[in-house]
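Trainee: Below are the sequence and a predicted model for it; my questions follow.
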Amino acid sequence: MKIYIASSWKNQKAVIALAEYLERYGFEVDAFCRVSDKRYAFHWSELVDEEADLANYDAIEMLADPRTQRAYTEDKKWIDWSDCVIMLMPCGRSSHLEGGYAKGQGKLLYIYGDFPKGEFDVMYGLSDGLFRREDIDALVFALFEAMSTITTDC
């Protein structure tokens, strides 16, 4: 099974740790922030010197930049490549759009990570499963179950 991890750059270490954990079980994983992958890894520092400077631009201005267009094309390519998206929480709007796009394309969507009290979204019901960070073994089990279903349906 091919897995795309959707998350935030603020979770870079957790993204890489999750990717390596899943790869030990034989899954193919795209981690957007891992420079060893065969992909373009976009970071805001390509556009501005200080993260605070991002506040000077809106989405339309940012998406007009060829570097952000390249990042969008690259991420979409890897989502299209995948069978499954794991949204690693906490994450932002972009990851949520990636998860929604993947689900709309008929891919599996799992949401994994931290679920703070008082923060929820009813649309998480679209996912194929929600797993707390301490339930990683249950996530892996669900991936294997889904993989066997995909294999027998073919």
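Mentor: Nice, thanks for sending it over.

Trainee: going forward, measure contacts between C-alpha atoms and count neighbours the same way
Mentor: Will do.

Trainee: what is the mean pLDDT for the longest helix anywhere in the chain?
Mentor: Counting by DSSP state H, the longest helix found in the chain is helix 136-153. Across helix 136-153, pLDDT averages out at 85.

Trainee: Repeat that for stretch 16-34.
Mentor: So the average pLDDT for stretch 16-34 ends up being 95.

Trainee: Could you pull out the buried residues of it?
Mentor: For stretch 16-34, the neighbour count (16 or more other CA atoms under 10 Å) marks 16, 18-20, 22, 27-34 as buried.

Trainee: Can you point out the buried residues in the longest helix of the chain?
Mentor: Applying 16+ other CA under 10 Å to helix 136-153 flags Ile136, Leu139, Ala142, Leu143, Ala146, Met147 as buried.

Trainee: can you check stretch 72-92 too?
Mentor: Buried, per 16+ other CA under 10 Å, within stretch 72-92: 74-75, 78-80, 82-91.

Trainee: for the spatially most central residue of the chain, what are its contacts?
Mentor: By CA atoms, centre = their mean, the chain has its centre lying nearest to Ala6, at 1.0 Å. Shown in contact with Ala6 (CA atoms under 8 Å, 6 or more residues apart in numbering): Ala31, Phe32, Val85, Ile86, Met87, Leu88, Cys91, Ser95, His96, Glu98, Gly99.
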